[in-house]
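Chemist: Starting from these lines, generate the structure:
(chains A and B)
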Number of protein chains: 2
Amino acid sequence: MSLRKAGSIVKKDPVIAVVGATGLVGNEMVVCLDQAQLECRSVRLFASEDSVGEMYEVRGEEVVVELLDENSFKGVDIALFATSSEISKKFVPIAVESGAVAIDNSRAFRMTPGVPLVVPEVNSHLLNEDAKIIANPNCSTIQLVPVLHAIHKAAGLKRVVVTTFQSVSGAGKAALDELWGQTLAIFNQQDLPQEVFPHQIAFNCIPQIDLFMDDGYTKEEHKIIDESRKILDLPGLRITSTAVRVPVFHSHAESVNVETEKPLSVESFMGICSDVAGITIHRDDSDYPLQIDVANTDEIHVGRIRADLSVPHGLNMWIVADNVRKGAALNAVQIAQLLIHGRVQRSSHH
Amino acid sequence: MSLRKAGSIVKKDPVIAVVGATGLVGNEMVVCLDQAQLECRSVRLFASEDSVGEMYEVRGEEVVVELLDENSFKGVDIALFATSSEISKKFVPIAVESGAVAIDNSRAFRMTPGVPLVVPEVNSHLLNEDAKIIANPNCSTIQLVPVLHAIHKAAGLKRVVVTTFQSVSGAGKAALDELWGQTLAIFNQQDLPQEVFPHQIAFNCIPQIDLFMDDGYTKEEHKIIDESRKILDLPGLRITSTAVRVPVFHSHAESVNVETEKPLSVESFMGICSDVAGITIHRDDSDYPLQIDVANTDEIHVGRIRADLSVPHGLNMWIVADNVRKGAALNAVQIAQLLIHGRVQRSSHH
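Modeler: Okay, the predicted model is just below:
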C-alpha cells in the first residue's frame, strides 16, 4: 500500500500494456495514452503475429509491437484489451493471474456479476483493489449513460426510447474500407465489395447491428438495454432501443426520448448536464452536434434538447460522440487514469 | 350527375393536369399517371417558363409542357399540384374557381379546417363533391399513418415516438445533386458544394429538416405530429418526433415505437397490417426493408417488428417507403383514382 498514492488503486508509475494495439480501437488507445495526462513507467504494445515489429511513438518513446502470448503480462500493471471476445476470454485471466488489472473492451465480461462495467462519469466508485477485471461498455451505451445518469439523479428515469445512427467505424478498419470502396464502386459503376456488412452500406441505412436474438432484437440493441441497466444500477429500468448503421465514417448519433418521474425543464436539464465533466451541451436549436464535427473529440455532445409534450414529463435530445474515442478507447484510458490517479484528468484535446 | 359513374366524384374521363410537372415530385406524378389504372381523356402538364416545351410521353400520347398561368385550368377536371407552398396558394384557388378539383402536395392547405388531408389507406371517406381542395400530406407522415391507423383500430393508440431517417430526395433534385457532388468532392479532395442543406450531408446525418419553430422542434417534426393527428382524426394523439436527414438518395425510413391501450401481439399486428392494401409486412427478423430496395416501389414496408417490453403493450418497428412515390406523387395519383373510380386500383408495379 505504501507504493500507492492517495486515491490510486494501482502502484505508482505502472507499466501499461495495450493488447490488440494495431486494430482500430487499440490504435486509438495508443493515441489516447499518448495524449493523456497520466504517469506511467512505460507502455507496451501487443498484437498478433501479423503486426509484430510495427513501431509507434508513445509518450516520447519508440515502442515496438510485441507478440501476444501467455508470458506477455509479466511486469504489466494495467492491461488494456482491444481484442475480440474470444481473445479476451483467453488472455484477460492470464493478465490478471500475472498481477495486472485488465480493462477489457470486448463484451466477454461486461455482464459477468461482480465485474464492474464502468463509465467514469457514472460509476467510478466501483473501482477498488478487488476489481481485477474492469469491463469497458459498448460504444453506443457509453455515450448514453452519463446523460441518463444526470437525468435520473435530478428527476428519476421513468422510460427511455433510443434509436441510434451508428457510424461504420464501430465495425473496425475493414468497415471503413467497405463504405469507401462501395461508394467508389457506385461512382465507377462497378460491382460493390461486400464483406463486413450484411447489405450495401453506401447510400443506405441498415437496421441491423450484430446478430439477431430470439426476441427479435439484435445483440447491439440488447447491449444498450442490458449494459445501461447495469451501469446505472437500475435493473428494472424501462428502456428500449433500435440500432441502425448509417453511411457515416466516424461518431455515433442517438435520438433519445426520455420520460421522467418528476418535472425536468429543458433549462434545468441543460444546467445539470453542463455541470458533468465530459458532457457538452449545445443550447441553441440550430447549433446541434454533427457526427463529422464530433469525430476525434473527447466529449459527449447533446443537442436538439426539447420538451416532449406527449407525456407529463418528457425530453427529446440528440447525443453524439466519437464511438472509437469516448465510446471505446478514451473511456478505457480514463479508467486507467482513475486506477492510477484516482480521477480522470481531462486533457485539452478536442 | 348523370355524367358520373357509380362511386366517382368527378365526371367520367376527366382531363388531368400536373402543375410543376418538371420537378422531382411532379415528374414522378407523370410517371405514376402513366402507370396508373385510371381512365382519363387527357393529361396536361404545366410548369414555369424554364421548362415550357419539354416533351413527355404519358399514356401513349406525346405531351408538351405548357406555361402555368391564370388561364391554364380551363377544361381541367383534376389538377395535381407539385409546387411550392407559395405557388399553390396562388394557383390552387384559381384551379378550383375554374371548376377543377385540386390535389395539392404543398403544405399550403394541409392544416386548413375543412380541407381533407388524405391518405387513401386511412381516410378516403372524406372525399366527396364538396371537397374541391384535397391536401396531400408530408412524405414522412404518409408512410406512417396507415400503420398507426391499423394499430389504432385494433388496440387503441396510447403514445407514438418516431425518429426518421429521411433521404435527400425529399429536398428535390438539387439535393440529389448535392449528395452526389459532395461525395465526389470528398474523393477528389476538393471544396464541397453546399447550397441545399445547412451542413455537409455526404457521410453525415443532419438532425434538422426544414426550419426551427419556437418550441425547438423543426417544421418537419411538427408536420409529422400535426398531420398524423388530423389524418387519424385523433386531435389529442400523444406523438413526438425527431426528423433526421441521412446520406441516402431515395426512400425514407422511420424507427417507430408505439404504445397501445390494449394488448397487441407481434403476430396480431402482422396479421392486421397484412390485410391493409398498400402495406407489406416483413415477417422474418433478417428480412427487414432497406431504403435502396424500397426505392421506386409503391408499398409501405414494415419490418423489425418486435415487442417493446418497457411498457405493458408496446411495439417497435422500422417503416420504409419511397418518399417521392408513395410519400408524394403516388399518393396524389391514388387520390385522383378515388375521385375518378371510387377506389384505388393498384397496379402490379413494384
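Chemist: and the stretch 251-350 of chain A, which residues reach chain B?
Modeler: Residues of the stretch 251-350 of chain A lying near chain B by Cβ under 8 Å from any Cβ of the partner chain: A:253, A:255, A:257, A:266, A:285-286, A:288, A:290-292, A:303-311, A:314, A:316, A:318. (Glycine included, C-beta is placed from N, CA and C.)
Chemist: buried residues in the host helix or strand of A:Glu28?
Modeler: Per DSSP states H and E: A:Glu28 is located in helix A:24-35. Of all the residues in helix A:24-35, those buried under the rule 16 or more other Cβ atoms under 10 Å in any protein chain shown are A:24-34.
Chemist: Would you check how far apart the residue in the stretch 1-150 of chain A positioned nearest to chain B and B:His282 are?
Modeler: Across the stretch 1-150 of chain A, no residue is closer to chain B than A:Leu148, which sits at 13.4 Å (Cβ to the nearest Cβ). A:Leu148 sits 31 Å away from B:His282, going by Cβ to Cβ, to the nearest Å.
Chemist: Those two: which is more packed in?
Modeler: A:Leu148 (23 against 18; other Cβ atoms under 10 Å in any protein chain shown).
Chemist: That one falls within a helix, correct?
Modeler: Yes. Counting by DSSP: H, G, I helix; E, B strand; the rest coil, A:Leu148 is part of a helix.
Chemist: and it, what pLDDT?
Modeler: On pLDDT, A:Leu148 comes in at 98.
Chemist: Would you map the strands across chain A?
Modeler: Assigned by DSSP state E, chain A shows strands spanning A:15-19, A:42-47, A:55-58, A:61-67, A:78-81, A:101-104, A:133-135, A:157-166, A:239-245, A:252-260, A:279-281, A:300-307, A:314-321.
Chemist: Would you mind giving these as CSV with mean pLDDT added?
Modeler: Converted to CSV, those look like this (pLDDT from 0 to 100):
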stretch, mean pLDDT
strand A:15-19, 98
strand A:42-47, 98
strand A:55-58, 96
strand A:61-67, 97
strand A:78-81, 98
strand A:101-104, 98
strand A:133-135, 98
strand A:157-166, 98
strand A:239-245, 98
strand A:252-260, 98
strand A:279-281, 98
strand A:300-307, 98
strand A:314-321, 98
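Chemist: Can you report how many residues neighbour the closest residue to A:Glu121 other than its chain neighbours?
Modeler: Distances taken as Cβ to Cβ, 6 or more residues apart in numbering or on different chains place A:Pro146 nearest to A:Glu121, at 3.8 Å, with adjacent residues excluded. By other Cβ under 10 Å, the residues close to A:Pro146 number 25.
Chemist: swap in the one 10 residues further on?
Modeler: As a burial measure, A:Gly156 scores 13 neighbours (other Cβ under 10 Å).
Chemist: before we move on, the earlier item: with respect to burial, which of the strands of chain A scores highest?
Modeler: When these are scored by mean count of other Cβ atoms under 10 Å in any protein chain shown, the highest mean neighbour count falls to strand A:78-81 (a mean of 29).
Chemist: related to what we said a few turns ago, for the helix holding A:Glu28, which helices and strands make contact with it?
Modeler: strand A:15-19, strand A:42-47, strand A:55-58, strand A:78-81, helix A:330-341 (3 or more Cβ pairs under 8 Å, 6 or more residues apart in numbering or on different chains; DSSP states H and E).
Chemist: Put the alpha carbons of that helix into PDB.
Modeler: Extracted C-alpha coordinates of helix A:24-35, given in PDB (Å, rounded to 0.1, in the frame of the first residue of the first chain):
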ATOM      1  CA  LEU A  24      -9.000   0.500 -34.800                       C
ATOM      2  CA  VAL A  25      -9.800   0.700 -31.100                       C
ATOM      3  CA  GLY A  26      -6.300  -0.500 -29.900                       C
ATOM      4  CA  ASN A  27      -4.700   2.100 -32.100                       C
ATOM      5  CA  GLU A  28      -6.900   4.800 -30.700                       C
ATOM      6  CA  MET A  29      -6.000   3.600 -27.200                       C
ATOM      7  CA  VAL A  30      -2.300   4.200 -28.100                       C
ATOM      8  CA  VAL A  31      -3.200   7.700 -29.300                       C
ATOM      9  CA  CYS A  32      -5.300   8.400 -26.100                       C
ATOM     10  CA  LEU A  33      -2.400   7.100 -23.900                       C
ATOM     11  CA  ASP A  34       0.000   9.300 -25.800                       C
ATOM     12  CA  GLN A  35      -2.200  12.400 -25.200                       C
END
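Chemist: what domains does the record give for chain A?
Modeler: A:15-137+A:328-341, A:144-167+A:205-322 (automatic domain parsing).
Chemist: Quick one: end-to-end distance for the shortest one.
Modeler: Length of domain A:15-137+A:328-341, first residue to last, Cα to Cα, to the nearest Å: 14 Å.
Chemist: With stretch A:255-264 instead?
Modeler: OK, stretch A:255-264 end separation, Cα to Cα: 18 Å.
Chemist: ok now that stretch, how far from the chain's centre?
Modeler: Centre-to-centre, stretch A:255-264 and its host chain are 23 Å apart (Cα atoms, centre = their mean, to the nearest Å).
Chemist: what comes into contact with it?
Modeler: Applying Cβ atoms under 8 Å, 6 or more residues apart in numbering or on different chains, the contact partners of stretch A:255-264 are A:144, A:147-148, A:151, A:154-165, A:308, A:311-319, B:161, B:163, B:207, B:240, B:242, B:244, B:255, B:257.
Chemist: who in the stretch 101-250 of chain A is up against chain B?
Modeler: Residues of the stretch 101-250 of chain A lying near chain B (Cβ under 8 Å from any Cβ): A:159-161, A:163, A:165, A:179, A:183-184, A:187, A:198-200, A:203-208, A:212, A:215-217, A:238-240, A:242, A:244, A:246-249.
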